[in-house]
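**Student:** Could you work out the structure for the sequence below:
(4 chains)
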Protein chains: 2
Amino acid sequence: MTNIHDIARLSGYSVSTVSRVINHRKYVADDKRLKIETIMRELDYVPNRLARDLSRGATKTIGVVLPYANHPYFARIVDGIVNTGFAAGYKITLLPTHYDLTVERNYLEQLRSKAFDGLIFTSRSGSMASLERYQKYGQIVCCEDPGKYCPLPAAYTDRANSYVDALTWAKKSGYQNVGVVLSRDNMISASARMTRQAYQQVYGDLADKNLFEGTVTYDDGYRAGEYFAKLNPAVDAVLANGDDIGAGIYQYYKDHQLTPIKVIGQENLLSSRLLGLPTIDHHLEALGQAAFELVISQTKKHQLIKSEFIER
Amino acid sequence: MTNIHDIARLSGYSVSTVSRVINHRKYVADDKRLKIETIMRELDYVPNRLARDLSRGATKTIGVVLPYANHPYFARIVDGIVNTGFAAGYKITLLPTHYDLTVERNYLEQLRSKAFDGLIFTSRSGSMASLERYQKYGQIVCCEDPGKYCPLPAAYTDRANSYVDALTWAKKSGYQNVGVVLSRDNMISASARMTRQAYQQVYGDLADKNLFEGTVTYDDGYRAGEYFAKLNPAVDAVLANGDDIGAGIYQYYKDHQLTPIKVIGQENLLSSRLLGLPTIDHHLEALGQAAFELVISQTKKHQLIKSEFIER
DNA sequence: ATAATTTATGAAACCGGTACCAGGTCAACT
DNA sequence: AGTTGACCTGGTACCGGTTTCATAAATTAT
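**Tutor:** Numbers count the residues shown, from 1 in each chain, chains lettered A, B, ... in the order given. The predicted structure is shown next:
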């Protein structure tokens, strides 16, 4: 593999001069620049990215920490990150955790080892404090409501309001007894808390039997539908933690020829569109874009993305 | 930032010895190993990834070239790659091209500059020959039917057979006039060719009016539905190039209260499940897994993934 | 008792770049 | 004439590791 020293030796000029030519810098005589460029072309030379990154101390690579790559929620965020990153000349590396704290920690260590310029946590298992400790090794952005005091930059969606919007709409539309479906864990930790808050505000206390937890997929939603149909048939509407989950609930009622209930989904995916379910679009691509912009900035801003309730 | 030399100096041993400790290699006396480990812990030392990669000449990173990140077809492949890569200790970087040949070329140059150990092309715009030229800089795997002679390793799905299966099933089920919907371009270049072949085999010549091209999304499918409904109403079934596209076709007929036609989708996504459409599952996660395994192997094998027609 | 291994360690070259600094030329300005 | 500053070039330290090689002590085999 030919390197910069080969080019220097063969051209008769110094490594410094070759480096200047490579980086299109001033202060190189035209004839030498030309000769060096010719030799580089002849030898089919390309500067080594790793050496350059090591020397410069930056990789132009951002790691995106997520539980799985195949979930539509994360896929939309990643899409926003990838496209914005692409435009800015950054490489995006996917870092799946499978909710394993050790793995998450390992990615933080990789940040420390300078494998990435920064990390975006679309979801976290560890504590905020653990992330905070790694801040000095690179910019860390999280995608959740930062609350009052958050030491990290954050991009987050306006769940607080959109949940209230959705539930208020449900109430106005005459739904009396609204169930809630939440995800398995603290996947989007603030999400569950805010759903409860909004519920409290609009409908009052959330009864245990109106809550079904542990849903991530369509099949989970189907099970949730079964739960409400069999054990809490008074429920006439459900706020689901995702369109595909909502589709599962809807489909259970349909498959069993029950009186349909109103299912409100989230993310504005194709499934809610096909079934005509109301949904909340959190504008996740915009969230990803904001997260990326924060990670390459050196600010600690908190960026709010408006979300939007879509009646159907 | 503390480095290996600091550790060496402070421990009183040489850089070589410290390196041996870091890499858990034999031939280090227990007392020295212990002392060095203690110092590393005290100084909160982590070896620099870039320096290591540069020295070793490998990055443990694979680039995945794709048109967009947000398309379900590619998302499923990426999922397979990411999960397999994760298990093997590799990092996966997403490289979107937006079908720009210059961008694709740029990624090949990045392979040459040693930014990746290998590349997986889930789709390509450039010629096979252009990829071939870069083989010497790292393993390049493509995800398409390699045909008779393909100089590159390839992982591909059994389209040839599943298309015939699907169309044969349609014929047996009594559908007389089958339309075909194909993607915008050579996104999965072999795909279009094989669809035509299968059509030829089962139904004979594919009339121009039975073909609608340029579909990628649900909305494209909706337009395809409009096309068939208005300009070729004799069509009683359509083979679509994806479930979401198929859903669009189906929905157009439904929205306009037309006699429904049979729509056969592809990828076995939630949309076909919700609408009860038959589909072809190409097992794209398995495809991604196979592609990853090929990229880290040094072989030039061609790996076939069986696909499966799902009646509905 | 001697030869052949195995174990243990450090010096130094190497991976392939960047960037600071010193030194030199030459035209322009005071 | 002397100073200033822009232009050009090379030497070399540096980024932070890995790895080969030489050397020597401790075991083991013959």
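**Student:** Confirm for me that residue A:288 is in contact with residue A:78.
**Tutor:** Yes: counting by C-beta atoms under 8 Å, residue A:288 does reach residue A:78; the two are 6.4 Å apart. C-betas here are computed from N, CA, C, even on glycine.
**Student:** more crowded one of those two?
**Tutor:** Counted by other C-beta atoms under 10 Å in any protein chain shown, residue A:288 and residue A:78 do not tie: residue A:288 has more neighbours, with 30 against 27.
**Student:** three-state assignment of the more buried one?
**Tutor:** Following DSSP: H, G, I helix; E, B strand; the rest coil, residue A:288 is assigned to helix.
**Student:** now it: how far from residue A:83?
**Tutor:** Distance from residue A:288 to residue A:83, counting by C-beta to C-beta, to the nearest Å: 8 Å.
**Student:** so residue A:149, which of the three states?
**Tutor:** What three-state DSSP gives for residue A:149 is coil.
**Student:** For it, give me phi and psi.
**Tutor:** Main-chain dihedrals, residue A:149, degrees, to the nearest 10: phi -120, psi 110.
**Student:** so what's the residue nearest to residue A:278 when sequence neighbours are not counted up against?
**Tutor:** Leaving out its chain neighbours, the residue that sits closest to residue A:278 by C-beta to C-beta, 6 or more residues apart in numbering or on different chains is residue A:312, at 4.3 Å. With contacts defined as C-beta atoms under 8 Å, 6 or more residues apart in numbering or on different chains, residue A:312 is in contact with A:272, A:276-279.
**Student:** Which of those fall in strands?
**Tutor:** In strands, defined here by DSSP state E, the members of the contacts of residue A:312 are residue A:279.
**Student:** Closest to residue B:301 out of the contacts of residue A:312?
**Tutor:** residue A:272 (42.3 Å; C-beta to C-beta).
**Student:** ok, that closest one to residue A:260 distance?
**Tutor:** 14 Å.
**Student:** now residue A:268
**Tutor:** 20 Å.
**Student:** quick one: which of these two has more around it?
**Tutor:** Legend: neighbour count by other C-beta under 10 Å for residue A:268 and residue A:260, higher for residue A:268 (21 against 11).
**Student:** if we can go back for a sec, state the pLDDT value of the residue nearest to residue A:278.
**Tutor:** Note on residue A:312: pLDDT of 92.
**Student:** Pull out the buried residues from the contacts of residue A:312.
**Tutor:** A:272, A:277-279 (16 or more other C-beta atoms under 10 Å in any protein chain shown).
**Student:** Secondary structure element holding the residue of the stretch 51-200 of chain A found nearest DNA strand D?
**Tutor:** Per C-beta to the nearest atom of the strand, residue A:55 is where the stretch 51-200 of chain A lies closest to DNA strand D, at 3.9 Å. Of the helices and strands defined by DSSP states H and E, residue A:55 is found in helix A:49-56.
**Student:** ok, residues contacting that helix?
**Tutor:** Contacts for helix A:49-56 (C-beta under 8 Å, 6+ apart): A:59-60, B:48, B:50-51, B:53-54, B:59, B:110, B:113-115.
**Student:** What ranges does chain A have for its strands?
**Tutor:** Going by DSSP E, chain A shows strands at A:61-66, A:91-96, A:118-121, A:139-142, A:154-157, A:178-182, A:211-213, A:237-239, A:262-266, A:279-281, A:302-305, A:308-310.
**Student:** The worst-scoring helix or strand of chain A on mean pLDDT to strand A:262-266, inter-axis angle?
**Tutor:** Least confident helix or strand, chain A: helix A:189-203 with a mean of 90, by mean pLDDT, DSSP states H and E. Counting by axes from the mean of the first three to the mean of the last three C-alpha atoms, to 10 degrees, helix A:189-203 lies at 150 degrees to strand A:262-266.
**Student:** Which strands and helices lie in contact with helix A:189-203?
**Tutor:** Helices and strands touching helix A:189-203, by 3 or more C-beta pairs under 8 Å, 6 or more residues apart in numbering or on different chains; DSSP states H and E, are helix A:159-172, strand A:178-182.
**Student:** The shortest one: how far from the chain's middle?
**Tutor:** Okay, so that is strand A:178-182. Taking C-alpha atoms, centre = their mean, to the nearest Å, one finds strand A:178-182 lying 24 Å from the centre of the chain it belongs to.
**Student:** Quick one: mean pLDDT over that strand.
**Tutor:** Per-residue scores along strand A:178-182 average to 96.
**Student:** helices and strands around it, which ones?
**Tutor:** Here strand A:178-182 touches helix A:189-203, strand A:211-213, helix A:218-231, strand A:237-239, helix A:243-255, going by 3+ C-beta pairs under 8 Å, 6+ apart.
**Student:** Quick one: these as a markdown table, columns for distance to residue B:152 and mean neighbour count too.
**Tutor:** Listed next are the helices and strands packed on strand A:178-182 as a markdown table, based on distance: least, C-beta to C-beta, whole Å; neighbours: other C-beta atoms under 10 Å in any protein chain shown:
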| stretch | distance to residue B:152 | mean neighbour count |
| --- | --- | --- |
| helix A:189-203 | 44 | 18 |
| strand A:211-213 | 48 | 19 |
| helix A:218-231 | 37 | 20 |
| strand A:237-239 | 49 | 25 |
| helix A:243-255 | 36 | 24 |
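**Student:** Including distance to DNA strand C, could these go into CSV?
**Tutor:** Converted to CSV, the helices and strands packed on strand A:178-182 look like this (distance: least, C-beta to the nearest atom of the strand, whole Å):
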stretch, distance to DNA strand C
helix A:189-203, 40
strand A:211-213, 51
helix A:218-231, 49
strand A:237-239, 53
helix A:243-255, 47
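**Student:** Which of these sits closest to residue B:38?
**Tutor:** Residue B:38 lies closest to helix A:189-203 among those, at 36.9 Å (C-beta to C-beta).
**Student:** rewinding a little: of the contacts of residue A:312, which pair is most distant in space?
**Tutor:** With C-beta to C-beta as the measure, no two of those lie farther apart than A:276 and A:279, at 10.1 Å.
**Student:** And DNA strand C, is stretch A:43-53 touching that?
**Tutor:** Yes: Stretch A:43-53 reaches DNA strand C (C-beta under 7 Å from any atom of the strand) through A:45-48, A:51-52.
**Student:** Near residue A:282, how many other residues are there?
**Tutor:** So residue A:282, with other C-beta under 10 Å, has 25 neighbours.
**Student:** so how far is residue A:155 from it?
**Tutor:** Remark: distance between residue A:282 and residue A:155 (C-beta to C-beta) = 11 Å.
**Student:** Need the residues touching each of these two.
**Tutor:** By C-beta under 8 Å, 6+ apart, the residues touching both residue A:282 and residue A:155 are residue A:305.
**Student:** Residue A:22 touches residue A:47, doesn't it?
**Tutor:** Yes: applying C-beta under 8 Å, one finds residue A:22 in contact with residue A:47, separated by 5.6 Å.
**Student:** joint contacts of the two?
**Tutor:** Shared contacts of residue A:22 and residue A:47, counting by C-beta under 8 Å, 6+ apart, come down to residue A:4.
**Student:** picking that back up, same list, the helices and strands packed on strand A:178-182, but as CSV with distance to residue A:292 please.
**Tutor:** Listed next are those as CSV, based on distance: least, C-beta to C-beta, whole Å:
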stretch, distance to residue A:292
helix A:189-203, 20
strand A:211-213, 32
helix A:218-231, 29
strand A:237-239, 30
helix A:243-255, 24
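**Student:** Of these, give the one that comes closest to DNA strand D.
**Tutor:** helix A:189-203 (34.0 Å).
**Student:** what angle sits between that closest one and strand A:178-182?
**Tutor:** 170 degrees.
**Student:** Need the contact partners of helix A:189-203.
**Tutor:** For helix A:189-203, using C-beta under 8 Å, 6+ apart, the contacting residues are A:124, A:144-145, A:147, A:156, A:159-160, A:163-164, A:166-168, A:170-171, A:178, A:180, A:182-183, A:186, A:206, A:239, A:241.
**Student:** Kindly recompute the last result at 6 Å.
**Tutor:** A:144-145, A:159-160, A:163-164, A:167-168, A:171, A:178, A:182, A:206 (C-beta atoms under 6 Å, 6 or more residues apart in numbering or on different chains).
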